[in-house]
Every structure is written in C-alpha cells, then in structure tokens.
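J.: this is the structure alone, sequence omitted:
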C-alpha cells in the first residue's frame, strides 16, 4: 500500500482539502484528531520524522561527548521521556522535526505503526536516564558508555532505517510478552520490513 493509498491519508485529505501529495508531506502531528491531547503517542508514525529525530539525538550525543557538556545529558533524557509520554508534542526536537523540517523535505511520508516506535523511545529513555543518573552521581565515564550505546542505536535508525527498539518489540510480540492487541498491525513486522527493503 502506498502512502497515498493509506486510509488515514485519504480521510484527512478529504476532510482538509489537501491533495494526496500535500497530505503525504504533512507532519504526522497533522494526522492527529482535531481535539488536542497532550498525552498519547501518534499512530501511525511518519518514518521520516522518526529517522530525523534519531539523527538529532546522534548530534546531541556527539556534541555532549565531544565538548563534555554534561548538562546536555539532561536535555537528551528529557527529550526521550517527553516523546514516550506525548510523542512530539512536548519534545522540542520532535516539534522541530514534525513542524519545521519534515514538511519541507521533498519526500513522500512512509507510515509505520506507532507502538514499536514508542517502545523504542522508551528504551532510549532508559539509557538516557541512566546516563543522567551516572552524570549526576559523578560517574561521567559510565554516562559516556550509556550515551555511546544510545547514539549507536539512534545512528542505525537515522542512517539505515534499522530500529533496534522496534526489533525488540517484534521479538517480545513473537514471545507473547506483548499481546497482539497492543498492535494488531505489528504481527507482520518482519514481513513488512522484508518487503520494504
């Protein structure tokens, strides 16, 4: 199914008067219901936006490590927690990507299920909060390791569309730890990835 055939894109296009191509290039936040809710995660998610956010995380981690700006660890941790709780709505990086950068890119939006991406943000929150705790307790070396692992995972997503958190989510679904009703469309994550490659 192409983006322009996506039922959400079609419904929103009819409601807003946008053409299919304009609708495909709108940020994922634009596909949210008209009523505003702070908490909650978008579903589906723009994969382009997710990859751009991951690129932003890589940039912040590299800057924090290169200049030893330990305070930036708190900014990184806040961003992950905000994205887990609200999607892009309370995340400065998420807002920058979905409202400013992604809509201006000349690429069609590819939508992916939201729950695996939220799980991935949750894993990022664990690593970034660990790095923050280590930084605050004077263990900068340990924090650097946690940040390095975080940057590696984010780089794989940004550069190669390889979401380690999403892969973990799929494995947990296969093992029955995450029930199917959490994301009925996620049952074929492996097949979908193979077809998209």
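T.: Sure thing, it's come through. From a predicted model like this one, the values you see are computed outputs, not experimental measurements. Numbers count the residues shown, from 1 in each chain.
J.: list the contacts of the residue lying closest to residue 140 once chain neighbours are set aside.
T.: Among residues not flanking residue 140 along the chain, residue 70 sits closest, at 6.4 Å (Cβ to Cβ, 6 or more residues apart in numbering). From N, CA and C alone the C-beta is placed, and that goes for glycine too. By Cβ atoms under 8 Å, 6 or more residues apart in numbering, the contact list for residue 70 reads 64, 135, 140, 143.
J.: so where's the protein shaky on pLDDT?
T.: Residues of the chain meeting the criterion pLDDT under 70: 1-37, 187-197.
J.: at which residues are the helices of it located?
T.: With DSSP state H as the criterion, the chain has helices at 7-16, 20-24, 47-67, 72-86, 92-95, 114-136, 140-160, 164-174, 189-196.
J.: now, which of the contacts of residue 70 sits nearest residue 102?
T.: Nearest to residue 102, judged by Cβ to Cβ, of the contacts of residue 70 is residue 64 at 24.2 Å.
J.: burial of the closest one, as a residue count?
T.: Around residue 64 sit 23 other residues, with neighbours defined as other Cβ atoms under 10 Å.
J.: use 12 as the first number from now on
T.: All set: I'll call the first residue 12, so the last point we hit is now residue 75.
J.: next one: the residue nearest to it when sequence neighbours are not counted from residue 146, what distance?
T.: Nearest non-adjacent residue to residue 75, counting by Cβ to Cβ, 6+ apart: residue 83, 3.9 Å away. Computed as Cβ to Cβ, to the nearest Å, the residue 83 to residue 146 distance reads 10 Å.
J.: the two - which one has more neighbours?
T.: More neighbours surround residue 146 than the other of residue 83 and residue 146, with 22 against 17 (other Cβ under 10 Å).
J.: phi, psi of the residue in the chain sticking out farthest from the centre?
T.: Note on the chain: the largest C-alpha distance from the chain mean falls to residue 149, namely 29.8 Å (Cα atoms, centre = their mean). Note on residue 149: its backbone torsions stand at phi 80, psi 20 [degrees, to the nearest 10].
J.: for it, what are its contacts?
T.: Residues counted as contacts of residue 149 (Cβ under 8 Å, 6+ apart): none.
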